[in-house]
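no sequence on this one, just coordinates:
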């Protein structure tokens, strides 16, 4: 089971690369790097900068680099010159990890904290896997993989081919790969007889998608993140015990409107306690909206119980908030403060089926 441990507890722990290869055991730790030793007779020493550490899974410490990358960059017989690490790439890594894990200086985060399993599924192992669209429709099976896209073949006799850019792959749930695009989007944009041109991967929208994905999943380059299967066909309950009686897949890509009648984007993803709302194309804003703010759904739009100014000031984040931060935000939702909610009468609208226990919210926050 994954757990958070302080850096001093890392001595003698096994270390693994992102491609699941052994890097030895931790010998020493400084504020700048982790030193590991591999082998008993023919020893290899690696001085791995701390911010390349991804997390601890209860057995091993994981690094965000492949073994070949670690060997070529950080294998050494003596203490390295750490000024060589002061590159824009490493500073970006430091900033991203610090934002995602505010206690990183003091402790190693639980590995796979934002996923359900520790090790991502390497890209070379997705051949033959089923692929599903964001609206849960079958797309076909993975036929081939390139640096920039996966090729999916649908049908046996009348074959259709989809060339899906990699960064539109959301994750693997143990059975199927899931994309962030609907079946209609995939058909209109990527059903074709030949791969996308290199220029298509340089578009502003796709570059922004790459940046967002890499912030959330630093190891995406090396493997597909694991994702949870959605329970039944409904949005999971949030921590307050509230149940949202609406099929979750209907909400994906639906537009979101606030109490002051402003559209603030569309639902990109549904988490256990929040919705991820994306606004804009060139100038993108990502909002993490607690489910407790869901007010209504009419089959076409999702309505949240907050004005647009609050959404942009309070819910816009560069990376996924911690559980504690999300619960604090959720506890401030108007319906929770009122203590009771009136279910919608229209069967097509969202129904909140349980009263909210304010005592439990206070204890959880």
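Ah, there it is. As the structure is a computational prediction, the values presented were derived from the model and not from experiment.

Show the low-confidence segments of the stretch 201-350 of the chain, by residue range.
228-249, 335-350 (pLDDT under 70).

which stretches of the stretch 101-250 of the chain form strands?
Remark: strands assigned in the stretch 101-250 of the chain by DSSP state E, counting those that start in this stretch are 107-108, 121-122, 130-132, 138-145, 149-154, 160-165, 169-172, 176-179, 223-224.

Just grab the bridge partners of residue 161 for me.
On the basis of DSSP bridges, residue 161 is bridged to residue 153.

That one against residue 187, yeah?
No. Here residue 161 lies out of contact with residue 187, judged by Cβ atoms under 8 Å, at a distance of 11.2 Å. From N, CA and C alone the C-beta is placed, and that goes for glycine too.

buried residues in stretch 275-285?
Burial within stretch 275-285, assessed by neighbour count using 16 or more other Cβ atoms under 10 Å, is assigned to 275, 276, 277, 278, 279.

want to throw those into JSON lines with secondary structure and distance to residue 126?
Below are the buried residues of stretch 275-285 laid out as JSON lines (DSSP: H, G, I helix; E, B strand; the rest coil; distance: Cβ to Cβ, whole Å):
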{"residue": "275", "secondary structure": "strand", "distance to residue 126": "27"}
{"residue": "276", "secondary structure": "strand", "distance to residue 126": "24"}
{"residue": "277", "secondary structure": "strand", "distance to residue 126": "29"}
{"residue": "278", "secondary structure": "strand", "distance to residue 126": "25"}
{"residue": "279", "secondary structure": "strand", "distance to residue 126": "31"}
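
Which of the residues you listed sits closest to residue 154?
Distances from residue 154 to the buried residues of stretch 275-285, taken as Cβ to Cβ, are shortest for residue 278 (26.8 Å).

how many neighbours does the residue lying closest to that closest one once chain neighbours are set aside have?
The spatially closest residue to residue 278, leaving aside those adjacent along the chain, is residue 268, at 4.3 Å (Cβ to Cβ, 6 or more residues apart in numbering). Applying other Cβ atoms under 10 Å, we find 19 residues neighbouring residue 268.

Chain neighbours aside, what residue packs nearest to residue 19?
residue 66 (4.6 Å).

same deal with residue 100?
Per Cβ to Cβ, 6+ apart, closest to residue 100 is residue 319, 4.8 Å.

what's the answer for residue 36, then?
Of all residues not flanking residue 36 in the chain, residue 24 sits nearest, at 4.2 Å (Cβ to Cβ, 6+ apart).

neighbours around the one you found, how many?
18.

Which parts of the stretch 201-350 of the chain are helices?
204-216, 248-251, 308-310, 323-331, 334-338 (DSSP state H, counting those that start in this stretch).

Of those helices, which is nearest residue 76?
Ranking the helices of the stretch 201-350 of the chain by their distance to residue 76 (criterion: Cβ to Cβ) puts helix 204-216 first, at 27.4 Å.

If you count contacts, what does the closest one end up packed against?
Taking 3 or more Cβ pairs under 8 Å, 6 or more residues apart in numbering; DSSP states H and E as contact, there are no helices or strands that helix 204-216 lies on.

relative to strand 160-165, how tilted is that helix?
Orientation check (axes from the mean of the first three to the mean of the last three Cα atoms, to 10 degrees): helix 204-216 against strand 160-165 gives 70 degrees.
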